[in-house]
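[1] Generate a structure from the sequence data that follows.
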Amino acid sequence: MLLVGRNVEQLFETKHFVEQRGGSAVVLPYDIGQTVQIEALLRATENIPVDILINNAGFGLYGEFVETDLSHELNMIDVNIRALTHLTKAFARGMKVRGSGRIIQIASTSSFHGGPFMSVYYATKAYVLSFSEALADELAPYNIQVTAVCPGATYTDFAKTADLATSGLFKRPGIMDANTVAKLSITGYMKGKTLVIPGRSNAVYVFMTRFFTRRKFVQMTHQLQAPTHSL
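    Just a heads-up that it's a prediction; the model follows:
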């Protein structure tokens, strides 16, 4: 396994976890929010045939768009969209040459509609889903499977990083844990699915988007994600 990220300590913890179970892992401490770091990563792996690419990196930001930090949002776009696109193109080319490969993109249930108080994040995840669905069709003739995973709210460091302390999003029942989401995601991927929505409640949530106007779903999301002190 090639483990890529900024948090070196967590990467080595994962490496240890993998090796304890008989696997092998290499830590590659690169910040994919920076193009120069992506290019360095690609140079470091240019002689390594990557069979499975998992684009899991991403973060959000909570708050009214006119009040949130622009530099933080532009960095979010760099990580959630630019880096994902750059890495997908680089590794998919090698997969095409070899005639096989697997790509797993982490999108979100937020890919299906706009999200007040997290408008840029929701937009980035809409890109990931649309991009992945199109790519799945393009790459299928080359025996390359592309799977978009769309989890809902999950207990990770995401909420803390996105500053969601005052949001109602993580104060409702049914929030899934990361291990369960990962297992369900891999199960769907192994079945060859292009779209995987882990968890029954998340699947129902996405299914319900068919029965409301987009405007109505945005309004419902506003109520869900509005700061709790304003409800």
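[2] isn't Met76 right next to Ser119, touching?
    No: if you go by CB atoms under 8 Å, Met76 and Ser119 don't touch, sitting 11.0 Å apart. For the C-beta atoms, the positions are set from N, CA and C on the backbone; glycine is no exception.
[3] Counting by contacts, list what the strand or helix carrying Glu19 packs against.
    Using DSSP states H and E, Glu19 sits within helix 8-20. With contacts defined as 3 or more CB pairs under 8 Å, 6 or more residues apart in numbering; DSSP states H and E, helix 8-20 has these neighbours: strand 2-4, strand 26-28.
[4] For Thr180, which of the ones you listed is the nearest?
    strand 2-4 (21.5 Å; CB to CB).
[5] pLDDT on the closest one, on average?
    Across strand 2-4, pLDDT averages out at 97.
[6] ok so, going back, how about JSON lines for the helices and strands packed on helix 8-20, with distance to Asn47 added?
    Formatted as JSON lines, the helices and strands packed on helix 8-20 follow (distance: least, CB to CB, whole Å):
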{"stretch": "strand 2-4", "distance to Asn47": "12"}
{"stretch": "strand 26-28", "distance to Asn47": "13"}
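[7] Single out the most deeply packed of those strands.
    Highest mean neighbour count of the helices and strands packed on helix 8-20: strand 2-4, a mean of 19 (counted as mean count of other CB atoms under 10 Å).
[8] Met76 and Ser119: which is more packed in?
    Using other CB atoms under 10 Å, the more surrounded residue of Met76 and Ser119 is Met76, with 21 against 17.
[9] List the residues that contact that one.
    Met76 is in contact with Gly58, Phe59, Gly60, Leu61, Val120, Tyr121, Thr124, counting by CB atoms under 8 Å, 6 or more residues apart in numbering.
[10] Specify the local secondary structure of it.
    helix (DSSP: H, G, I helix; E, B strand; the rest coil).
[11] ok, which stretches of the protein are helices?
    Using DSSP state H, the helices found in the chain span residues 8-20, 35-44, 70-77, 84-98, 119-139, 158-161, 178-190, 200-208, 214-225.
[12] Surely Gly101 touches Ala92?
    Yes: between Gly101 and Ala92 a contact is recorded at 6.9 Å, counting by CB under 8 Å.
[13] If you average pLDDT per helix and strand, which one of the protein comes out bottom?
    helix 158-161 (a mean of 58; mean pLDDT, DSSP states H and E).
[14] Ok, which of the helices and strands packed on helix 8-20 comes nearest Leu139?
    strand 2-4 (20.4 Å).
[15] Partner strands of the closest one and their direction?
    Sheet pairing of strand 2-4 (DSSP bridges) gives strand 26-28 (parallel).
[16] Quick check: of the contacts of Met76, which lies closest to Ile186?
    Among those, and counting by CB to CB, the member closest to Ile186 is Gly58, at 18.2 Å.
[17] and the gap between Lys96 and Phe112?
    29 Å (CB to CB, to the nearest Å).
[18] out of the two, which sits in the more crowded spot?
    Phe112 (22 against 16).
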